[in-house]
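>>> I need the structure of the sequence given here:
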Amino acid sequence: MLMIVLRLIHVLGGVFWAGSVLFVAAFFIPAVAASGPGGGQVIQQVMAVLKYPRAAGIAATLTILSGGWMYWHNMKVSTGGWAGSAPGMTYGIGALSALVAFTVFVTVIRPTGNALLAFGRTMQSRGGPPTAEESAAISRLQMRMSGASRAAAAFLAITVAAMAIARYL
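Down below sits the predicted model:
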(Lines give C-alpha, C1' and ligand atoms only; values in the text may rest on other atoms or scores of the structure.)
Protein backbone atom coordinates (compact mmCIF):
# COMPACT_ATOMS: atom_id res chain seq x y z
CA MET A 1 0.00 0.00 0.00
CA LEU A 2 2.86 2.40 0.82
CA MET A 3 4.34 1.98 -2.66
CA ILE A 4 0.97 2.81 -4.23
CA VAL A 5 0.70 6.01 -2.19
CA LEU A 6 4.31 6.95 -2.98
CA ARG A 7 3.76 6.29 -6.67
CA LEU A 8 0.60 8.43 -6.70
CA ILE A 9 2.40 11.29 -4.96
CA HIS A 10 5.35 10.90 -7.32
CA VAL A 11 3.33 10.79 -10.53
CA LEU A 12 0.83 13.51 -9.63
CA GLY A 13 3.50 15.81 -8.21
CA GLY A 14 5.78 15.13 -11.17
CA VAL A 15 3.04 15.81 -13.71
CA PHE A 16 2.29 19.18 -12.08
CA TRP A 17 5.94 20.12 -11.64
CA ALA A 18 7.19 19.13 -15.09
CA GLY A 19 4.05 20.25 -16.91
CA SER A 20 3.98 23.66 -15.28
CA VAL A 21 7.69 24.29 -15.83
CA LEU A 22 7.42 23.29 -19.49
CA PHE A 23 4.38 25.58 -19.87
CA VAL A 24 6.10 28.49 -18.14
CA ALA A 25 9.28 28.15 -20.22
CA ALA A 26 7.59 27.61 -23.58
CA PHE A 27 4.50 29.84 -23.34
CA PHE A 28 4.12 31.93 -20.20
CA ILE A 29 7.45 33.76 -20.07
CA PRO A 30 7.43 34.59 -23.81
CA ALA A 31 3.82 35.82 -23.57
CA VAL A 32 4.58 38.00 -20.55
CA ALA A 33 7.67 39.42 -22.25
CA ALA A 34 5.65 40.25 -25.36
CA SER A 35 2.94 41.93 -23.26
CA GLY A 36 5.09 44.88 -22.30
CA PRO A 37 4.28 46.69 -19.05
CA GLY A 38 1.04 44.75 -18.59
CA GLY A 39 3.05 41.56 -18.26
CA GLY A 40 4.34 42.74 -14.91
CA GLN A 41 0.83 42.65 -13.46
CA VAL A 42 0.37 39.09 -14.67
CA ILE A 43 3.69 38.06 -13.12
CA GLN A 44 2.66 39.69 -9.83
CA GLN A 45 -0.64 37.79 -9.88
CA VAL A 46 0.87 34.40 -10.71
CA MET A 47 3.91 34.61 -8.46
CA ALA A 48 2.84 36.75 -5.50
CA VAL A 49 -0.92 36.26 -5.27
CA LEU A 50 -1.40 32.74 -6.60
CA LYS A 51 2.01 31.68 -5.27
CA TYR A 52 2.99 29.49 -8.22
CA PRO A 53 6.63 29.19 -7.07
CA ARG A 54 5.49 27.75 -3.74
CA ALA A 55 3.16 25.27 -5.43
CA ALA A 56 5.86 24.19 -7.89
CA GLY A 57 8.43 23.92 -5.09
CA ILE A 58 6.12 21.75 -2.97
CA ALA A 59 5.30 19.54 -5.96
CA ALA A 60 9.01 19.22 -6.78
CA THR A 61 9.93 18.38 -3.20
CA LEU A 62 7.19 15.76 -2.84
CA THR A 63 8.11 14.27 -6.21
CA ILE A 64 11.79 14.01 -5.30
CA LEU A 65 11.16 12.61 -1.82
CA SER A 66 8.62 10.02 -2.96
CA GLY A 67 10.84 9.02 -5.90
CA GLY A 68 13.85 8.72 -3.62
CA TRP A 69 11.89 6.55 -1.21
CA MET A 70 10.75 4.24 -4.03
CA TYR A 71 14.29 4.06 -5.42
CA TRP A 72 15.63 3.21 -1.94
CA HIS A 73 12.94 0.54 -1.52
CA ASN A 74 13.90 -1.12 -4.82
CA MET A 75 17.56 -1.01 -3.78
CA LYS A 76 16.73 -2.56 -0.41
CA VAL A 77 14.64 -5.45 -1.73
CA SER A 78 17.24 -6.26 -4.40
CA THR A 79 20.23 -5.87 -2.05
CA GLY A 80 21.53 -3.19 -4.40
CA GLY A 81 21.37 -5.16 -7.64
CA TRP A 82 18.44 -3.22 -9.03
CA ALA A 83 20.49 -0.02 -9.38
CA GLY A 84 22.75 -1.73 -11.92
CA SER A 85 19.85 -2.93 -14.05
CA ALA A 86 18.76 -1.03 -17.15
CA PRO A 87 15.56 0.21 -15.44
CA GLY A 88 17.45 1.16 -12.28
CA MET A 89 20.07 3.11 -14.20
CA THR A 90 17.41 4.84 -16.31
CA TYR A 91 15.43 5.83 -13.22
CA GLY A 92 18.72 7.07 -11.75
CA ILE A 93 19.40 9.24 -14.81
CA GLY A 94 15.89 10.65 -14.53
CA ALA A 95 16.38 11.33 -10.83
CA LEU A 96 19.68 13.12 -11.39
CA SER A 97 18.12 15.22 -14.11
CA ALA A 98 15.25 16.15 -11.77
CA LEU A 99 17.73 17.11 -9.07
CA VAL A 100 19.55 19.40 -11.51
CA ALA A 101 16.23 21.04 -12.46
CA PHE A 102 15.38 21.49 -8.78
CA THR A 103 18.81 23.01 -8.14
CA VAL A 104 18.26 25.48 -11.00
CA PHE A 105 14.92 26.41 -9.42
CA VAL A 106 16.38 26.96 -5.96
CA THR A 107 19.56 28.77 -7.00
CA VAL A 108 18.45 30.80 -10.03
CA ILE A 109 14.71 30.83 -10.74
CA ARG A 110 13.39 31.54 -7.25
CA PRO A 111 15.90 34.33 -6.42
CA THR A 112 15.42 35.90 -9.84
CA GLY A 113 11.65 35.79 -9.47
CA ASN A 114 11.91 37.39 -6.05
CA ALA A 115 14.05 40.19 -7.49
CA LEU A 116 11.51 40.79 -10.26
CA LEU A 117 8.70 40.88 -7.71
CA ALA A 118 10.64 43.42 -5.66
CA PHE A 119 10.97 45.67 -8.73
CA GLY A 120 7.24 45.30 -9.34
CA ARG A 121 6.41 46.28 -5.77
CA THR A 122 8.72 49.29 -5.99
CA MET A 123 7.10 50.52 -9.18
CA GLN A 124 3.62 49.88 -7.83
CA SER A 125 4.27 51.81 -4.63
CA ARG A 126 5.83 54.63 -6.61
CA GLY A 127 2.91 54.61 -9.03
CA GLY A 128 5.02 55.06 -12.11
CA PRO A 129 7.02 53.27 -14.76
CA PRO A 130 10.51 51.97 -14.09
CA THR A 131 13.52 54.22 -14.42
CA ALA A 132 16.01 53.53 -17.20
CA GLU A 133 18.28 51.75 -14.71
CA GLU A 134 15.38 49.68 -13.38
CA SER A 135 14.30 48.78 -16.92
CA ALA A 136 17.80 47.55 -17.73
CA ALA A 137 17.96 45.51 -14.52
CA ILE A 138 14.50 44.06 -15.13
CA SER A 139 15.48 43.13 -18.68
CA ARG A 140 18.59 41.30 -17.41
CA LEU A 141 16.54 39.47 -14.79
CA GLN A 142 13.91 38.48 -17.37
CA MET A 143 16.62 37.08 -19.64
CA ARG A 144 18.10 35.15 -16.72
CA MET A 145 14.67 33.82 -15.76
CA SER A 146 13.93 32.80 -19.32
CA GLY A 147 17.23 30.95 -19.75
CA ALA A 148 17.01 29.22 -16.38
CA SER A 149 13.41 28.20 -17.02
CA ARG A 150 14.35 26.72 -20.39
CA ALA A 151 17.23 24.82 -18.77
CA ALA A 152 14.99 23.48 -16.00
CA ALA A 153 12.36 22.52 -18.59
CA ALA A 154 14.98 20.64 -20.63
CA PHE A 155 16.18 18.71 -17.58
CA LEU A 156 12.60 17.88 -16.62
CA ALA A 157 11.89 16.70 -20.18
CA ILE A 158 14.83 14.29 -19.79
CA THR A 159 13.41 13.22 -16.44
CA VAL A 160 9.95 12.57 -17.85
CA ALA A 161 11.39 10.61 -20.78
CA ALA A 162 13.53 8.47 -18.47
CA MET A 163 10.64 7.79 -16.09
CA ALA A 164 8.34 6.91 -19.00
CA ILE A 165 10.64 4.28 -20.52
CA ALA A 166 12.62 2.92 -17.57
CA ARG A 167 10.36 0.03 -16.61
CA TYR A 168 10.35 -1.26 -20.18
CA LEU A 169 14.13 -1.61 -20.51
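
>>> rest of the way, CA atoms for contacts and neighbours
Will do.

>>> who touches stretch 80-95?
64, 67, 74-75, 158-163, 165-169 (Cα atoms under 8 Å, 6 or more residues apart in numbering).

>>> Closest one of these to Ala118?
Set against Ala118, the nearest of the contacts of stretch 80-95 by Cα to Cα is Ile64 (29.4 Å).

>>> Quick check: which helices or strands does the longest helix anywhere in the chain pack against?
In the chain, taking DSSP state H as the definition, the longest helix is helix 132-165. If contacts are counted by 3 or more Cα pairs under 8 Å, 6 or more residues apart in numbering; DSSP states H and E, helix 132-165 sits against helix 2-23, helix 86-104, helix 110-126.

>>> tell me which residues in the second one are buried?
Within helix 86-104, the residues that count as buried by 16 or more other Cα atoms under 10 Å are 87-95, 97-102, 104.

>>> What of the first one?
Residues of helix 2-23 classed as buried under the neighbour-count rule (16+ other Cα under 10 Å) are 6-7, 9-11, 13-18, 20-22.

>>> Then stretch 127-144?
Neighbour counts over stretch 127-144 (16+ other Cα under 10 Å) mark Pro130, Ala137, Ile138, Leu141, Gln142, Arg144 as buried.
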